[in-house]
Every structure is written in structure tokens, then in C-alpha cells.
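K.L.:
Next input, structure requested:
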Amino acid sequence: MTHLENISVNELREALGDAKEVQATKRLMVAFAYKQGVTQTELV
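P.N.:
This is a model prediction of the structure:
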């Protein structure tokens, strides 16, 4: 998820506010977790 290194948490928050679909919301929540140091293994 190296592409998330250049995206701020505030940008993710804005995107979450604009999300219209469940899948988009889930992806953004995973991105938030990643930014907070949660590993992919821990999310499963």
C-alpha cells in the first residue's frame, strides 16, 4: 500500500464523507487502519 504514503488522513476523511457505496467505505476504513499501523494480517 505504498500509494497511501502520499495521502493524508484528512484526505481519507474527506473521501469517506463523499463515499456512496459500501465497498468504497470499506476500502477507506482499511486505508485508515493502515495509516494507523494496523497490518493487513491484523485486519483479517
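
K.L.:
and residue 9, what does it touch?
P.N.:
32, 35 (Cβ atoms under 8 Å, 6 or more residues apart in numbering). Every residue, glycine included, has its C-beta placed from N, CA and C.

K.L.:
Now it: phi and psi?
P.N.:
phi -60, psi -40 (degrees, to the nearest 10).

K.L.:
Tell me the spacing between it and residue 16.
P.N.:
10 Å (Cβ to Cβ, to the nearest Å).

K.L.:
ok, now residue 35?
P.N.:
Counting by Cβ to Cβ - residue 35 and residue 16 are separated by 12 Å.

K.L.:
For the helix or strand of the chain with the lowest mean pLDDT, C-alpha coordinates in PDB please.
P.N.:
Across the helices and strands of the chain, mean confidence by mean pLDDT, DSSP states H and E is lowest for helix 40-43: a mean of 89. Written as PDB, here are the backbone C-alpha positions of helix 40-43 (Å, rounded to 0.1, in the frame of the first residue of the first chain):
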ATOM      1  CA  GLN A  40      -3.100  -6.400   6.700                       C
ATOM      2  CA  THR A  41      -2.900  -9.600   8.800                       C
ATOM      3  CA  GLU A  42      -4.500  -8.000  11.800                       C
ATOM      4  CA  LEU A  43      -7.400  -6.800   9.700                       C
END
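
K.L.:
all helices of the protein, in order?
P.N.:
9-18, 22-35, 40-43 (DSSP state H).

K.L.:
Please state the offset of stretch 15-32 from the chain centre?
P.N.:
Centroid separation for stretch 15-32 versus its chain: 7 Å, with Cα atoms, centre = their mean, to the nearest Å.
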